[in-house]
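**Q** only geometry, no sequence info:
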């Protein structure tokens, strides 16, 4: 790798670390507690004021549950496969289907089987646009004033500034794909090739 390329890779680490921390919804203080790295060092890493080292990046990769090459945007090795490393959040399992931290992010989500969920679903709002596709089970989607049940093979898409929340519509596990664009990117799906 040429010196200029190396310098470019190092300059990109800070913004990727900041984006990943914000995506995970954590603070520098909480990240400091889980990694043992001081808040000031984490802040300087994110701003580019501190050069990233393995001693700093390895605990961060572990805390975020990502591979080290995701933090440094390692050059491609010729292998296009995404090496899936799942993580748990909100009582669900998330399997990342994309490698890059920016732009559209795709996940397979698994909501485990359990007792029937009754009552109101907590709704949240945030910037972005979301697309869901149900693989198995039945998902209850509360979108604004709408209360919908989606089954296998059904899809929904919505602006995430609309209050939304979801849960199981029954007692069985639910598996679904999500594609999320933080900047509001919409998913364009074609059922068949365009005619010439």
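**A** Looks like it arrived, so ask away. All values derive from a computational prediction rather than experimental measurement.

**Q** residues of stretch 18-31 that come out buried?
**A** 18, 20-21, 24, 28, 31 (16 or more other CB atoms under 10 Å). Placement of C-beta: from N, CA and C, glycine included.

**Q** of those, closest to residue 158?
**A** residue 24 (22.4 Å; CB to CB).

**Q** tell me the one of the buried residues of stretch 18-31 nearest residue 165?
**A** Nearest member of those to residue 165, counting by CB to CB, is residue 24, at 19.3 Å.

**Q** give the contact list for the closest residue to that closest one other than its chain neighbours.
**A** Excluding the flanking residues, the one nearest residue 24 by CB to CB, 6 or more residues apart in numbering is residue 64, at 6.4 Å. Contact analysis of residue 64 by CB atoms under 8 Å, 6 or more residues apart in numbering lists 20-21, 24, 71.

**Q** out of those residues, which are inside helices?
**A** 20-21, 24, 71 (DSSP state H).

**Q** may I ask which two of those residues are separated the most?
**A** Top of the distance list for these (CB to CB): 24 and 71, 12.9 Å.

**Q** follow-up on the earlier one: where is pLDDT lowest across the buried residues of stretch 18-31?
**A** Of all the buried residues of stretch 18-31, residue 24 carries the smallest pLDDT score, 82.

**Q** from residue 18, how far off is it?
**A** Taking CB to CB, to the nearest Å as the measure, residue 24 falls 11 Å from residue 18.

**Q** and the closest residue to residue 149 other than its chain neighbours, how many neighbours?
**A** With CB to CB, 6+ apart as the criterion, residue 149 has its nearest non-adjacent residue at 4.5 Å, and that residue is residue 169. Residue 169 sits with 19 neighbouring residues when counted by other CB atoms under 10 Å.
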